[in-house]
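Participant: Quick check, what structure comes out for this input:
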Amino acid sequence: MLITVIGVSRLGRVTGLPVDDPAGLLHAVAGATDGHILLLAPLHRASDAREQAHVLLAARPEARVSVLALPHHALTLALVADEVMRRPDLADADPTTVWQLVRQSAARSRSLVWHPRLGGLADHPRTSGELIGDLGRAPGWFCELGPESFTVVPGRRGARFRSGETVLHLGEAPPLLKTQLGDVRAVPVMVEVAPAPYRSRRSVEVTVLAAPVLPTTLLAPCASCGAGLVDQQCPFCGAGPVPRATASETYRRSAATPTPLTPPREILPVPDAVASRSAPVLVTTRGETT
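Facilitator: Below you'll find the predicted structure:
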């Protein structure tokens, strides 16, 4: 099982992919022997991820790729994937179980971007309050990514971090960000991320991870690649369940209506009256002669 993330450099056990190379995934899995690959992408990189998956499948039709585009920045996706891949109980896990854990962790984790000012954001038209707040000294803002857009919160109010919570951030945190993170355990992550519409030159990606729970439901196997099925479909190859072995229609009809057996003939002693005939006479159990 291989997990890759587009738009970030390598992080731990997770392979990073470039955004400007359609053959990036093909090059990344050149030495891989397992055919199941999970490709994670931020929403704005979904088309780039699918293009790389198509290039890989054109060159290696036996590969099995699942592309997940999620409302997170690349840093969170790489951290989620690395956390799942480090679990010792998943060493020989079904690929779909890993797929489920990644989705579950992503659904419970948080992706934020801290900005000293909002002026550098191309995709966020500022409100009058935000324009006034950006005047003077840099106030700091937290933008939390979501399925549809992102929510902007002034840095002085914080971003609802719990006391003692572990918060991971990209690179070294500026002094203002350290102050606005509050009483948390801040951990820097040294990776490179690609440009994104929700970040500017001085932005800092922030992640709060949530641990997933290992599912206990036994999944039916895929008829094509053997991975577990989700809603009767394989997330890696799209095939359905293994067909159940059934008896043929002819066999079932013959078993349902058994053919009556004909009583066997038996040879009885020849009567004295006909013993003198040259040809033998067969007598059935009903006493009829032939």
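Participant: contacts, neighbours, all on C-alpha from now
Facilitator: Fine.
Participant: Off-centre distance for the helix or strand containing Val102?
Facilitator: Assessed by DSSP states H and E, Val102 sits inside helix 95-108. Computed by Cα atoms, centre = their mean, to the nearest Å, the chain-centroid distance of helix 95-108 equals 6 Å.
Participant: pLDDT on it, on average?
Facilitator: Here helix 95-108 scores 93 as its mean pLDDT.
Participant: Now do it: which elements does it pack against?
Facilitator: With contacts taken as 3 or more Cα pairs under 8 Å, 6 or more residues apart in numbering; DSSP states H and E, helix 95-108 sits against helix 74-85.
Participant: Only alpha carbons, please: show the helix it packs on as CSV.
Facilitator: The C-alpha trace of helix 74-85 is given here as CSV (Å, rounded to 0.1, in the frame of the first residue of the first chain):
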residue,chain,number,x,y,z
ALA,A,74,-1.5,19.6,1.5
LEU,A,75,0.2,19.8,4.9
THR,A,76,-2.8,18.3,6.7
LEU,A,77,-3.2,15.5,4.1
ALA,A,78,0.5,14.6,4.4
LEU,A,79,0.3,14.5,8.2
VAL,A,80,-2.9,12.5,8.2
ALA,A,81,-1.4,9.9,5.8
ASP,A,82,1.8,9.7,7.7
GLU,A,83,0.0,9.2,11.0
VAL,A,84,-2.1,6.3,9.5
MET,A,85,0.9,4.7,7.8
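Participant: got the angle for it vs helix 95-108?
Facilitator: Angle, helix 74-85 to helix 95-108, by axes from the mean of the first three to the mean of the last three Cα atoms, to 10 degrees: 140 degrees.
Participant: Residues contacting helix 74-85, please?
Facilitator: Contact partners of helix 74-85, identified using Cα atoms under 8 Å, 6 or more residues apart in numbering, comprise 3-8, 11-14, 40-42, 98, 101-102, 105-106, 109-111, 170, 193, 205-209.
Participant: Following the chain onward from the helix holding Val102, which element is next?
Facilitator: According to DSSP H and E, the helix or strand after helix 95-108 is strand 110-115.
Participant: which other residues reach that following strand?
Facilitator: 72-73, 76, 140-145, 177, 198-200, 202-209.
Participant: List buried residues within these.
Facilitator: 72-73, 76, 140-145, 177, 198-200, 203-209 (16 or more other Cα atoms under 10 Å).
Participant: hey, where'd the strands end up in the stretch 51-200 of the chain?
Facilitator: Using DSSP state E, counting those that start in this stretch, the strands of the stretch 51-200 of the chain run over 64-70, 110-115, 141-145, 150-154, 166-170, 185-189.
Participant: okay, the first one in CSV with CA atoms only?
Facilitator: If I follow you right, that is strand 64-70. Extracted in CSV, the C-alpha atoms of strand 64-70 (Å, rounded to 0.1, in the frame of the first residue of the first chain):
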residue,chain,number,x,y,z
ARG,A,64,-5.1,0.2,-8.6
VAL,A,65,-5.4,3.9,-7.8
SER,A,66,-7.9,5.7,-5.6
VAL,A,67,-8.0,9.5,-5.8
LEU,A,68,-9.3,11.4,-2.7
ALA,A,69,-9.8,15.2,-3.1
LEU,A,70,-10.5,16.6,0.4
